[in-house]
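S.K.: here are the coordinates; sequence isn't available:
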């Protein structure tokens with residue numbers, strides 16, 4: 001089964017008085033999201049379930065894909081790896097799942113699924129990690145990693 005981890009694209013810096021969930025994508029982030037969305041649209045199975053953090057920057061990133069998605073509070077910036085696994089229904093899910101979320105949790109999830117232990121793996125802003133596993137396998141393999149800088 002496939003699980004894809006898409007870190008939100010470049011966003012406004014957190015500033016005093018600015019609600020973290022309200023931070024928007026920068027112009028650079030909008031370009032990053034659009035590039036990666038074009039790539040995803042070409043490769044992502046049509047039946048993929050897309051779950052998005054309620055943070056504005058994650059919703060704007062997902063919106064670039066122009067596919068139906070669900071805003072999921074359980075993958076907000078303060079989510080844990082367990083929250084993401086439960087929300088994705090890993091490994092029991094019946095179709096591919098794309099999580100649009102945040103660091104450090106996405107990197108920790110990638111580390112757990114690939115290596116079997118939670119660690120702090122970096123996922124760049126706007127990047128997608130596509131992980132796959134076959135029935136009966138306990139660890140996922142990295143199918144591909146797409147960084148927006150590679151799509152220029």
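M.R.: Nice, thanks for sending it over. Since we're looking at a predicted model, the values are computed, not measured. Numbering: from 1, shown residues only.

S.K.: now the nearest residue to residue 77 once chain neighbours are set aside: how far from residue 139?
M.R.: Distances taken as Cβ to Cβ, 6 or more residues apart in numbering place residue 102 nearest to residue 77, at 4.7 Å, with adjacent residues excluded. Just so you know, the C-beta spots here come from the backbone N, C-alpha and C atoms, and that holds for glycine as well. Taking Cβ to Cβ, to the nearest Å as the measure, residue 102 falls 23 Å from residue 139.

S.K.: Name the residue in those two with the higher neighbour count.
M.R.: Here residue 102 and residue 139 are set side by side on neighbour count (other Cβ atoms under 10 Å), and the busier one is residue 102, at 23 against 11.

S.K.: roughly how far apart are that one and residue 143?
M.R.: When residue 102 is compared with residue 143 (using Cβ to Cβ), they lie 21 Å apart.

S.K.: cool, residue 116 as well?
M.R.: The value you get for residue 116 to residue 143, if Cβ to Cβ is used, is 18 Å.

S.K.: what about the two, which has more around it?
M.R.: A side-by-side neighbour count of residue 116 and residue 143, using other Cβ under 10 Å, places residue 143 first with 14 against 11.

S.K.: wait, what's in contact with the more buried one?
M.R.: 2, 130-132 (Cβ atoms under 8 Å, 6 or more residues apart in numbering).

S.K.: So it: helix, strand or coil?
M.R.: strand (DSSP: H, G, I helix; E, B strand; the rest coil).

S.K.: Which helix or which strand is home to the closest residue to residue 44 other than its chain neighbours?
M.R.: Distances taken as Cβ to Cβ, 6+ apart place residue 98 nearest to residue 44, at 6.9 Å, with adjacent residues excluded. Per DSSP states H and E, residue 98 falls inside strand 97-101.
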